[in-house]
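> from the sequence below, what's the structure:
(chains A and B)
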There are 2 protein chains.
Amino acid sequence: MADINREMRIVNIGLEGFYRELREQGVEAVQVDWRPPAGGDAALIGKLVALQREAVEKANAATVARIRESRPCWVDVQPAIEAIPGMEPDMLLHSGPPIAFEDMCDPQQRAVEAAAIFEGWVADRAGLEAGLRKGSIRLRPNCAFGSVGAMCGVISPSMQVLVTENLVFGNRSWTTFNEGRGNVIWMGTYDAGTLDRLRWMRDVLGPALKAALQARGEGIDIFKIVAEGILMGDEVHARSAACTLLLLRQLVPALLDTDVPRSVVAKIVEFVGGNNHSFLSLTLTACKAAADAAHGVPGSTVVTAMCRNGVDFALRVGGMDRWFVAPTAPMDEAVYYSGYGPDDAAGDIGDSAIVETAGLGGMVIGAAPSISSFVGGTMAHSREAMRVMRSICAGENPAFAPGAVDFLPGPLGIDVRKVVRHGITPIIDTGVLHKTSGVGQIGTGIARAPMAAFRDALLAMPIP
Amino acid sequence: MADINREMRIVNIGLEGFYRELREQGVEAVQVDWRPPAGGDAALIGKLVALQREAVEKANAATVARIRESRPCWVDVQPAIEAIPGMEPDMLLHSGPPIAFEDMCDPQQRAVEAAAIFEGWVADRAGLEAGLRKGSIRLRPNCAFGSVGAMCGVISPSMQVLVTENLVFGNRSWTTFNEGRGNVIWMGTYDAGTLDRLRWMRDVLGPALKAALQARGEGIDIFKIVAEGILMGDEVHARSAACTLLLLRQLVPALLDTDVPRSVVAKIVEFVGGNNHSFLSLTLTACKAAADAAHGVPGSTVVTAMCRNGVDFALRVGGMDRWFVAPTAPMDEAVYYSGYGPDDAAGDIGDSAIVETAGLGGMVIGAAPSISSFVGGTMAHSREAMRVMRSICAGENPAFAPGAVDFLPGPLGIDVRKVVRHGITPIIDTGVLHKTSGVGQIGTGIARAPMAAFRDALLAMPIP
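Below is the predicted model of the structure:
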């Protein structure tokens, strides 16, 4: 990975700007393993030269600043149909770009099926397929509504969603509560117990947490907890153990200040506290609310959303109102549960790449030594991975600075220009699902965003 | 600090054992900054040669193994007078070796005074001094009873103590609950609010936690939480933030399973969860219960206790039933609160050096990047500090292996032979108290154990 800047010394005829920029970032330009910028593609190089403009730099700085200034807070709990503007009673939302049911990967199909059964619309797969055919059930991507979903990311109308508001910019985002491990629809697997749990989450957990937030009288500041969690072993995508405990500390007194029976409070504490991914739902909505607020700066080449559905990856760039879609790249590096391997893996999936979009997860991989095995195994590798990610980002975030790598600020704001120029796409911390068997999660690892989407975005980018 | 092994290449005539041992530990012997072993003192060198025996190695390995095998669990809450065998109703226990009231440092005197008022024995300092003179109030050190106390470490008869039992070896240890920040007697300062808090801890907190442990039906495994906390930014002496949250996750459901009113449960959650030192009390008793179980192996040169009272430091060695006392060394490195400096500091104080004795705190400083500033500022410095501590220890503990330094096992079992030979004493993470003004804590830093106590212990050590 150390080769990313090395081309710069060679290619500084006619492209001095690139070289100077790297030098300004304190990067040493050493001539080893030379590669041409943008793979030597003339059209891409031409576009890169054209976008080497002050206006772009300013737009990108503004985009990054909006993410940094965002203050997303968890403010409410509501049924999805009430919370999410534009959602309609016959819709099932899913992660990633739009996709037809028959084209979905197996785990996402299973999650959709479970949600339709949970809603009481159908009894089985055949009923679901009939409903989809006659149009009584409609599939829509979260990205069209401002909502987000981890992994399969299915949200159905009566599911309770947590409502996160970006207090600085006023926009909101939504997602479901995390179900935990085992047979869970976010991992694309379910049984009768899964549906019981979903009902409990709808009828007990959601209303109780809503009451707790009301008793508290103010929202829960998500990035404040994240900043602390990053000093406690979380990179907040693959691992949210500390953030979950920090959340619990704020939730428990509020829950006790409601009418929720104490046995229910105890069960909620065990459910939330016993699942290290509980906080992930808050992180997703916070990153979405921050990235959405940062979207729409004319001329910005900074990515403001990334999502995947197991088949396709999609990204959006700050200066353009459209999505760029490409097939998901294979998992870069993963640890599989015993008995499973790369051949069993479904494609990279989930709206959770919004986490890396907002400068967390893989961008701060040095925060989580337990995840460092995916980038080489040592803290030195994690530090180097962060340095490489910094080379494709427009800025950094001192608020998210892992102590384990000497408080190195997390890279923030993926710049499609730099991604294409260096030939390096963002890493995304993620889980791995079985592609056919319905067993759910079979591993954890690092996915790579596919280069094609960044190339297409670059080529489509208007010159400001 | 890198010079500790460098003498070895020079001094390998007649002392090959030392050299071989370092080589076996994978230490490179480089000839720079040469220093004679044990400062060139003939008596000490003679004793070191005499103790270079297989019997000592075996005894030390057994001592370290006992600490590693220990399983200290928090099993009960009781008034000190009921819990601590040998404590009598007129006794006030304090940290460090035995000391007369008039010789105590100012903060410890204030803590004793507050405890005597709390017990209703006296109204003020004059009353306390009168009681001490006529013998109606007696001062005794925790180390004579198997109890421990953080900083000033005062335990009075009616205070509630947490009872920790080493499930493998059957022995117990005790300490008070942590009071938190502000005017608190563990930091040697008090006012009316301090005494109110102590009463609340005695009348409400203690009984509630006792009930919670009973409802839970089993103890709380302290080292299990510590092992997790070490992966989450705690070195569990100066910082116990993660461990405190991990504890809370176990306590809350148990508290809800009692008759304790929910408003009280909420207050306890806020009190325990709002104080990052809450878990420290559990760590102290766990380390004490482990180190006491390891004490008493004939021939062992491994330290099984270290404590300080602000004036004197004392240590005990596994193979001898006596204490070695020396004046406390000055703080090695500390960050002082605004307006204070080294001239304001009381001497190093507290029984909490039992934490380093059991292989935590300074021994695993790489676990807490926020503390690394005291040993040079970077994770590389913390790693080097752990390597240096390893050079004076008999073994290590893979269960306590900070992820931030690539899961380097914590050094365990301070060997007085190695301390004297290398001229390096253990580092102890600690707080700093004001020496006269009664303001309590004025900083945080690293103390050094004084060499004199280790030299005396070495000279007194029988040849097995």
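
> now the residue nearest to A:R239 when sequence neighbours are not counted. Its backbone dihedrals?
Using CB to CB, 6 or more residues apart in numbering or on different chains and skipping the chain neighbours, the partner closest in space to A:R239 is A:A368 (4.9 Å). Where C-beta positions appear, they are placed from N, C-alpha and C, glycine not excepted. Dihedral pair for A:A368: phi -120, psi 90, per degrees, to the nearest 10.

> same deal with A:A65?
Main-chain torsions, A:A65, degrees, to the nearest 10: phi -60, psi -40.

> so for the helix or strand where A:L315 lies, mean pLDDT?
Using DSSP states H and E, A:L315 maps to strand A:312-317. For strand A:312-317, the mean pLDDT works out to 98.

> ok, and what's touching it?
The contact list for strand A:312-317 (CB atoms under 8 Å, 6 or more residues apart in numbering or on different chains) reads A:96-97, A:99, A:143, A:295, A:300-308, A:322-329, A:348, A:353, A:416, A:449-450, A:453-454, A:457, A:461.

> rerun at 6 Å
Residues outside strand A:312-317 that contact it (CB atoms under 6 Å, 6 or more residues apart in numbering or on different chains) are A:97, A:303-307, A:323-326, A:328, A:416, A:450, A:453, A:457.

> show me what residue of the stretch 51-200 of chain A gets nearest to chain B.
A:G180 (14.5 Å; CB to the nearest CB).

> where does the closest residue to that residue other than its chain neighbours fall, phi/psi-wise?
Distances taken as CB to CB, 6+ apart put A:N275 closest to A:G180, at 3.9 Å, once the chain neighbours are dropped. Per-residue torsions, A:N275: phi -120, psi 110 (degrees, to the nearest 10).

> tell me if I'm right that A:N275 and A:E179 touch.
No: at 8.0 Å, A:N275 does not count as touching A:E179 under the criterion of CB atoms under 6 Å.

> between the two, who's got more neighbours?
Between A:N275 and A:E179, A:E179 has the larger neighbour count (other CB atoms under 10 Å in any protein chain shown), namely 22 against 19.

> where's that one, which helix or strand?
Using DSSP H and E, A:E179 maps to neither a helix nor a strand.

> about what we covered before: wait, the residue nearest to A:R239 sits on A:M232?
No: shown here, A:A368 and A:M232 do not form a contact pair, counting by CB under 6 Å, at 9.7 Å.

> ok, and the closest non-adjacent residue to whatever residue of the stretch 251-400 of chain A ends up closest to chain B?
Closest residue of the stretch 251-400 of chain A to chain B, CB to the nearest CB: A:P369 (2.9 Å). In space, and not counting its chain neighbours, A:P369 is closest to B:G403: 2.9 Å by CB to CB, 6+ apart.

> so is A:V420 in a helix, a strand, or just coil?
helix (DSSP: H, G, I helix; E, B strand; the rest coil).

> helix, strand or coil for A:A326?
Strictly by three-state DSSP, A:A326 counts as strand.

> beta partners for it?
Residues in a beta bridge with A:A326, per DSSP bridges, are A:F313.

> tell me how many other residues crowd it.
20.

> up against chain B, what does chain A have?
Neighbours of chain B within chain A, by CB under 6 Å from any CB of the partner chain: A:231-233, A:242, A:245, A:249, A:252-253, A:256, A:262, A:265-266, A:269-270, A:273, A:369-370, A:378-379, A:403-404, A:406.

> hey, C-alpha coordinates of stretch A:95-102 in CSV?
Coordinates of each C-alpha in stretch A:95-102 appear next as CSV, following Å, rounded to 0.1, in the frame of the first residue of the first chain:
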residue,chain,number,x,y,z
SER,A,95,-30.2,-1.6,1.5
GLY,A,96,-28.2,-0.7,-1.6
PRO,A,97,-29.3,0.6,-5.0
PRO,A,98,-32.7,-0.3,-6.5
ILE,A,99,-33.0,-4.0,-7.4
ALA,A,100,-35.8,-6.4,-8.4
PHE,A,101,-36.6,-9.2,-6.0
GLU,A,102,-35.4,-11.9,-8.5
